[in-house]
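# Below: sequence and its predicted model.
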Amino acid sequence: MTRGFLLFQKQFKREMLIQVRQIRYLINSTLFFLMLLFIFPLTLKPELALMRTIAPGLVWIAILLSLLLSAERLFQQDYDQGVTEQWLISGESLNILVGAKIFAHWFFNLLPLLLLCPVIALLFSLSLGEMWVLMLSLICGTPALIFLCALAAAFEVGINQRGALMALILIPLTLPLLIFGSGTLQVAMQGLPINGYLALLLAMSILAMGLLPFAIAAVIRISHTS
Amino acid sequence: MRKPGCMVKFASFYCNMLPMWKFLYQLASPKSFFALSGRMIPWLAMTSVLMLIVGIIWGLVFAPPDYQQGDAFRIIYVHVPSAFLSMALYGWMGFLAILLLVWRIKLAGLLLSIVAQSGACMAFLALVTGSIWGKPMWGTWWVWDARLTSELILLLLYAAILATYQAVKNKEDGDRIIAILTLVGIIDLPIIHYSVYWWNTLHQGATLSAFAKPKIDASMLYPLLLTLFGFALYSLWVILEKARNEILLRERRQSWVRIQFEGEFR
């Protein structure tokens, strides 16, 4: 067991504990996700064909917005309690610490999304096969989404007007991901193979998981020393 | 640096061997950059205005009308240079971001937000002129195809970079933060360029390529090249003027700035 891996494990366990003990935040963001999904059928014509057409894009938009909200507090709590400062002076690898933190965040936020997929299939009249495709695309695509949300959140620590600026930074970066994510379900609805789309989503996620911790750690260092 | 003496010998060896290296080293100092840009600007201004006037008049009046599109194609002389520059300026920003983050050249960080302003204007111009061109050609102001969407993403990226820079109090920290943001967003550049090949889109493919024979007739090509270079030199002129202002602002406590201003008052 190398030192890096032990550090990752410890940080992962810490983050999972913190998330479990503050489960009200997770419940809030999940409820927000559900609310967004309810608004659209209620404000548009609730007819079947329309619901099936907008379902792919809508689910991904709702995920983006609820993850955006939950990511805001990702680094703010640690910054307020002085934990970030301890990370910086400890001499441990900030990349691994940040990576483990976001990985735990992903793991914890993905579970309710996967559990709600049957509900989504019910609301938007998706078939069972399409529901599985949705779950697969979520598993492959949400890591990239969460790492990008974390990047946007790292920019925002200690700055005014956080929410709007975060969305402004986040949306151009996540647009390709959203296009491919919703595209997966759209082609599945047409009966075409989804392997290419899933491969692209997975590639984006692996790229994000591998490279973004460095960027996030660098941003935390800069915004902390200012 | 563990062996400063060794690095100095290395650097001075190269500076003596290659005058180009010395020139590049000097560019990193605000004072030399200020002097050099001051000398370059009159030439840049004259050349760019000349190229723009000649290119635009040639393109709008003298170039022959297209056999398919008639006279409406002439907007190419604004659309193509601005689209090309929006990507080239972002590429330059990526290079400046690496200079700042790896070699800690502060002047590169200073230039970053300034180039972003020009790049944002170019991206906006490309989208607007493209939309104006699209209405007679495709029958619609906008279509969600790959090239247009990725150019829109580029405009949003520029807006995000500028907004983040404004939000940070300390300018030097702001430079480093937008450097990171630029590098994360640089993945959009190959997406825009290759989008016309990867997806079946409405937008046409590349007409000009560095290695192949151009697919456009010479009588239309030359004014296009003129406006392309004219736009590029004009952007460089504006960027250098803004950079000079920013240098004076940031280095206002240095003695060379004080001498400069006192010299003007006398």
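Here it is on my side, so go on.
# need the residues of chain B near chain A, please.
Where chain B comes near chain A, counting by Cβ under 8 Å from any Cβ of the partner chain, the residues are B:101, B:149, B:153-154, B:156-157, B:159-160, B:163-164, B:167-170, B:173, B:176-177, B:180-181, B:183-185, B:187-188, B:191. Where C-beta positions appear, they are placed from N, C-alpha and C, glycine not excepted.
# which among the residues you listed end up buried?
B:101, B:149, B:153-154, B:156-157, B:159-160, B:164, B:167-168, B:173, B:176-177, B:180-181, B:183-185, B:188, B:191 (16 or more other Cβ atoms under 10 Å in any protein chain shown).
# ok, now how distant is the one residue in chain A that gets nearest to chain B from B:Leu181?
Minimum separation of chain A from chain B (Cβ to the nearest Cβ) falls at A:Pro172, amounting to 3.9 Å. Distance, A:Pro172 to B:Leu181, using Cβ to Cβ, to the nearest Å: 10 Å.
# what is in contact with the two at once?
Residues touching both A:Pro172 and B:Leu181 (Cβ atoms under 8 Å, 6 or more residues apart in numbering or on different chains): B:Ala160.
# which residue sits closest to A:Pro193 in space, ignoring its chain neighbours?
A:Val187 (7.6 Å; Cβ to Cβ, 6 or more residues apart in numbering or on different chains).
# now whichever strand or helix holds that neighbour, how far from the chain's geometric center?
Here A:Val187, judged by DSSP states H and E, is contained in helix A:162-189. Helix A:162-189 sits 11 Å away from the centroid of its parent chain (Cα atoms, centre = their mean, to the nearest Å).
# what mean pLDDT does the helix or strand just after it have?
Next helix or strand after helix A:162-189 toward the C-terminus (DSSP H and E): helix A:195-225. Helix A:195-225 comes out with an average pLDDT of 90.
# ditto for stretch A:136-146
94.
# just stretch B:109-117 next, same as before
95.
# what comes up buried for that stretch?
B:109-117.
# Quick one, grab the pLDDT at A:Met1.
Looking at A:Met1, the pLDDT reads 66.
# Ignoring the adjacent residues along the chain, who's closest to the residue positioned nearest the centre of chain A?
Centroid-nearest residue in chain A, with Cα atoms, centre = their mean: A:Ile146, separated by 2.9 Å. Nearest residue to A:Ile146, sequence neighbours excluded (Cβ to Cβ, 6+ apart): A:Trp106, at 4.5 Å.
# okay, that neighbour: pLDDT?
Reading off the model, A:Trp106 has pLDDT 93.
# quick one: which helix or strand includes it?
With DSSP H and E as the test, A:Trp106 turns up in helix A:94-123.
# what angle separates that helix from helix A:195-225?
Orientation of helix A:94-123 against helix A:195-225 (axes from the mean of the first three to the mean of the last three Cα atoms, to 10 degrees) gives an angle of 130 degrees.
# Helix A:94-123 - contacts with which helices or strands?
In terms of contacts (3 or more Cβ pairs under 8 Å, 6 or more residues apart in numbering or on different chains; DSSP states H and E), helix A:94-123 is packed against helix A:3-21, helix A:23-43, helix A:48-71, helix A:83-90, helix A:128-156, helix A:195-225.
# Among those helices, which comes closest to B:Leu224?
Proximity to B:Leu224 (Cβ to Cβ) singles out helix A:195-225 among these, at 35.1 Å.
# That closest one - contacts with which helices or strands?
Checked by 3+ Cβ pairs under 8 Å, 6+ apart, helix A:195-225 has helix A:83-90, helix A:94-123, helix A:128-156, helix A:162-189, helix B:171-185 packed alongside it.
# Which is the succeeding secondary structure element to the last one?
Put plainly, it is helix B:171-185. helix B:188-198.
# Only the buried residues of that next one, if you could.
Quick answer for helix B:188-198 (16+ other Cβ under 10 Å): B:188-189, B:191-192, B:195-196.
# Skipping adjacent residues, who's closest to the spatially most central residue of chain B in space?
Nearest to the mean C-alpha position of chain B, by Cα atoms, centre = their mean, lies B:Leu89 at 2.8 Å. Counting by Cβ to Cβ, 6+ apart, B:Leu89 lies nearest to B:Gly119, which is 3.7 Å off, once chain neighbours are set aside.
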